[in-house]
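[1] this one's sequence-less:
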């Protein structure tokens, strides 16, 4: 039995990395220990898998089919039968009754609507039409003529009196506005000139030579040099502080951490990585070897079970049960099946003899129901109106032409 998997066909094996003595010393003990620990787990797992498959084939699948059949028999078929043979016929009957009721109500509504329309035409429309024609129309025409005359008089007053007076007032107001605008422009110009040369110019001169010039000299010769000196001192202080903190952190934190990583953590990590890799490889090899061992043990148990139980049962079935079953089939089941076929044939003949009278009775009942419904409709709504015959001007057939006959529609009789 090989411990390693054979490489894939056509793919060269991957070159292995050089291994140290520590790896070789750890590998064999670890694989032995892991095989001892994994073998019971793999055998228990294979036993559970086999038991689960056997349980599924022998118990769960037949139980599921039985439950499905029971659900279909207990729920689906009763619901389908109830829907097909109870709900649908009742719904069809109610629909027909509703259609008849709706038709009757529609006919009654049409009659009521026609009656109300005639009553409204007689009591409302005719009086309203008479009132509109003989009262409202003459009154409206007289009022329109009166308003038209008043509008013509107002237009003449507006054109002959109000328009000339408005034009004269506009001319007077326009001249007065021009004079007042000229006076206001002169006064504003004088005031602006006085304010500019008596207030603004002296104020600008005083601010420039008493505030701006001293401020510029102070910034250039005092504040700027002092600020540069302060900035240089602050930069030197910050640089010295950063330099001191950098070396302090390097000596107190970085160098110890680097030494700890190089001298402690890296060797320990490599050792743990080697142990973890070898443990994983050992688990894989142990799981595969345990599978082989479990397969061999399962085959051995299957062979023993076949020799101890299956072969005796097969011999008993072939030598004992089969002859007994043939005897029961020939002596009991076949005569019972023949008797059942005879009973079925008699039942079918009886049904064929009874079916035709039942069909005729149902047809007669349907005709009587249809006639009763027609009588009820005739009693409720009366006889249906028949179209009157109209005399046709065209001849019904081809007639021979005589001296007293005509071929035009205007001179025909």
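    Structure received. In this text the structure is predicted, and so the values were computed from the model without any measurement.
[2] Tell me where the longest helix sits in this structure.
    Criterion DSSP state H: the longest helix present in the chain is helix 334-381.
[3] does residue 295 belong to a helix or a strand, and which?
    helix 266-305 (DSSP states H and E).
[4] cool, residue 313 as well?
    Residue 313 is located in helix 311-316, with elements delineated by DSSP H and E.
[5] May I see the buried residues of the strand or helix carrying residue 81?
    Using DSSP H and E, the element containing residue 81 is helix 77-82. When burial is assessed from 16 or more other CB atoms under 10 Å, helix 77-82 yields no buried residues. (C-beta placed from N, C-alpha, C; glycine too.)
[6] Packing partners of whichever helix or strand comes after that helix?
    Next in sequence after helix 77-82, counting helices and strands by DSSP H and E, comes helix 88-120. The contact analysis (3 or more CB pairs under 8 Å, 6 or more residues apart in numbering; DSSP states H and E) places helix 88-120 against helix 334-381.
[7] Give the rounded mean pLDDT of the helix it packs on.
    For helix 334-381, mean pLDDT rounds to 82.
[8] repeat for stretch 264-273
    The model assigns stretch 264-273 a mean pLDDT of 87.
[9] so how many other residues sit close to residue 293?
    Counted with other CB atoms under 10 Å, the neighbours of residue 293 add up to 16.
[10] I'd like to know how far it sits from residue 44.
    13 Å (CB to CB, to the nearest Å).
[11] Likewise for residue 206?
    108 Å.
[12] Quick one: low-confidence residue ranges for this protein.
    Low-confidence segments of the chain, defined by pLDDT under 70: 1-26, 380-413.
[13] State the distance from residue 181 to residue 321.
    Taking CB to CB, one finds residue 181 at 136 Å from residue 321.
[14] Tell me which helix or strand residue 69 sits in.
    Since the elements are taken from DSSP H and E, residue 69 ends up inside helix 61-71.
[15] Give the buried residues for that helix.
    Under 16+ other CB under 10 Å, helix 61-71 has no buried positions.
[16] what sits up against that helix?
    Around helix 61-71, nothing counts as a contact under CB atoms under 8 Å, 6 or more residues apart in numbering.
[17] Residue 127: which element?
    helix 126-131.
[18] for that helix, packing partners?
    Secondary elements touching helix 126-131 (3+ CB pairs under 8 Å, 6+ apart): none.
[19] Tell me the gap between that helix and the middle of its chain.
    In terms of CA atoms, centre = their mean, to the nearest Å, the centre of helix 126-131 is found 62 Å from the chain centre.
[20] What of stretch 198-211?
    78 Å.
[21] Any buried residues in it, and which?
    When burial is assessed from 16+ other CB under 10 Å, stretch 198-211 yields no buried residues.
[22] cool, stretch 144-154 as well?
    For stretch 144-154, it's none, nothing buried (16+ other CB under 10 Å).
[23] Go ahead and measure how far it is from the middle of the chain.
    With CA atoms, centre = their mean as the basis, the mean position of stretch 144-154 lies at 71 Å from the chain mean.
[24] need the helices for the stretch 101-250 of the chain, in chain order.
    For the stretch 101-250 of the chain, the helices defined by DSSP state H, counting those that start in this stretch cover 126-131, 137-157, 163-195, 201-207, 213-218, 224-249.
[25] Let me have those in TSV, extended by distance to residue 269.
    Converted to TSV, those look like this (distance: least, CB to CB, whole Å):
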stretch	distance to residue 269
helix 126-131	108
helix 137-157	111
helix 163-195	89
helix 201-207	78
helix 213-218	68
helix 224-249	25
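[26] Show me the one of those that comes nearest residue 107.
    With CB to CB as the criterion, residue 107 lies closest to helix 126-131 of these, at 27.9 Å.
[27] Next, work out how far apart the residue positioned nearest the centre of the chain and residue 262 are.
    In the chain, the residue lying closest to the centroid (CA atoms, centre = their mean) is residue 76, at 30.6 Å. Separation of residue 76 from residue 262 (CB to CB): 77 Å.
[28] Repeat that for residue 89.
    Taken as CB to CB, the span from residue 89 to residue 262 is 94 Å.
[29] For the longest helix of the chain, name the packing helices and strands.
    Helix 334-381 packs on helix 88-120, going by 3+ CB pairs under 8 Å, 6+ apart.
[30] picking up where we left off before, can you give the distance of the helix holding residue 81 from its chain's centre?
    With CA atoms, centre = their mean, you get 33 Å for helix 77-82.
[31] How about residue 290: what's its closest non-neighbour residue?
    Of all residues not flanking residue 290 in the chain, residue 42 sits nearest, at 3.5 Å (CB to CB, 6 or more residues apart in numbering).
[32] Contacts only, for that neighbour.
    Here residue 42 is in contact with 287, 290-291, 293-294 (criterion: CB under 8 Å, 6+ apart).
[33] Scan those residues and report the most crowded one.
    residue 290 (22 neighbours).
[34] Just to check, that residue is in contact with residue 43?
    Yes. Using CB atoms under 8 Å, residue 290 makes contact with residue 43 at a distance of 7.0 Å.
[35] re the thing from before, tell me what the helix holding residue 313 is packed against?
    Using 3+ CB pairs under 8 Å, 6+ apart: helix 311-316 touches no other helix or strand.
[36] So that it lines up with my notes, have the first residue be 29 from now on.
    Yes, from this point I'll number from 29; that puts the last item at helix 339-344.
[37] And the helix or strand just after that helix, how far out from the chain middle?
    Downstream of helix 339-344, the first helix or strand assigned by DSSP H and E is helix 350-356. Distance of helix 350-356 from the chain centroid (CA atoms, centre = their mean) equals 64 Å.
[38] Could you do stretch 210-230 as well?
    Mean C-alpha position of stretch 210-230 versus that of the full chain (CA atoms, centre = their mean) differs by 79 Å.
[39] Could you do stretch 382-398 as well?
    Worked out by CA atoms, centre = their mean, stretch 382-398 lies 54 Å from the chain centre.
[40] Repeat that for stretch 169-185.
    71 Å.
[41] just to revisit the earlier point, tell me which of the helices of the stretch 129-278 of the chain lies nearest to residue 381.
    helix 154-159 (74.8 Å).
[42] Run through who's touching that closest one.
    So helix 154-159 is contacted by nothing (CB under 8 Å, 6+ apart).
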